[in-house]
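> next comes the sequence, and after it the predicted model I'd like to discuss.
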Amino acid sequence: MPIHKQNRLIGYLELGEDIDPIIDHLTSEGNNIISVLILKQLVHKKAWIEGRQLLDETADWELLSDYVVSGTDDPEIIKALSLLATPATINDAETVEIILNSKIHRGRFLNMMDVGGRSVGSLLVLQDVQEILNNHKRSTLMITLFSGLMAVTLFWIASNILGRADRSLRMIRERLGEEKSEEEKVPVTFKFKQEPPD
């Protein structure tokens, strides 16, 4: 915010807030992991390192080529960021997937803008999807078992119906065969009545 005295610009007032408590609050609300990546070109290296050390947090300036990491101090996440933060995932907001603490996490990088509309970095939001995937596997297994059971049941019903139809046809054939043989046994005689000649 510009500060003026007698129509003359004498300086600016800037108000900021540490984002770590906000991130901690958002992380504790759900099963999310949040990391903030800030463009290095907007950060003074020495001041950033000193600030991180003052807060007793990891200050690895060389971790990523274009960004510094804030909002997390978990070594697993920091290590994962070096694999996840690629131009494709950050710029194109592609979905990323990683295993952390033996659980599958999926998420994406969201562009962070300042009030002037300038990109200042990215926000990585990862969600633990292990339980969702486990539920999906259980559902798939139940559907497969149910479908198999239905297929066996329908096959059994169809076999019974076809078996009965086959037995009925066999019985009908046998009866027809018996009737035919009875007809062959009985001699057929024909009598012709002679009419007297005219």
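Right, received. Where do you want to start?
> low-confidence ranges, this structure, go.
Along the chain, segments meeting pLDDT under 70 span 16-20, 22-30, 73, 92, 179-198.
> remind me, longest helix of it?
helix 130-185 (DSSP state H).
> which residue ranges of this protein form helices?
Going by DSSP H, the chain shows helices at 20-29, 45-54, 75-84, 87-91, 130-185.
> name the helices or strands packed onto the last one?
Yep, that's helix 130-185 we're talking about. strand 103-113 (3 or more C-beta pairs under 8 Å, 6 or more residues apart in numbering; DSSP states H and E). To be clear about C-beta, it is placed using only N, CA and C from the backbone, and glycine gets the same treatment.
> partner strands of the strand it packs on, parallel or antiparallel?
strand 96-100 (antiparallel), strand 119-128 (antiparallel) (DSSP bridges).
> how about the ones you listed in JSON lines, adding mean neighbour count and distance to Glu76?
Listed next are the strands paired with strand 103-113 as JSON lines, based on neighbours: other C-beta atoms under 10 Å; distance: least, C-beta to C-beta, whole Å:
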{"stretch": "strand 96-100", "mean neighbour count": "15", "distance to Glu76": "5"}
{"stretch": "strand 119-128", "mean neighbour count": "19", "distance to Glu76": "11"}
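> do I have it right that Thr89 meets Phe109?
Yes. Applying C-beta atoms under 8 Å, one finds Thr89 in contact with Phe109, separated by 5.7 Å.
> what touches both of those two?
Among the neighbours of Thr89, those also in contact with Phe109 (C-beta atoms under 8 Å, 6 or more residues apart in numbering) are Val96.
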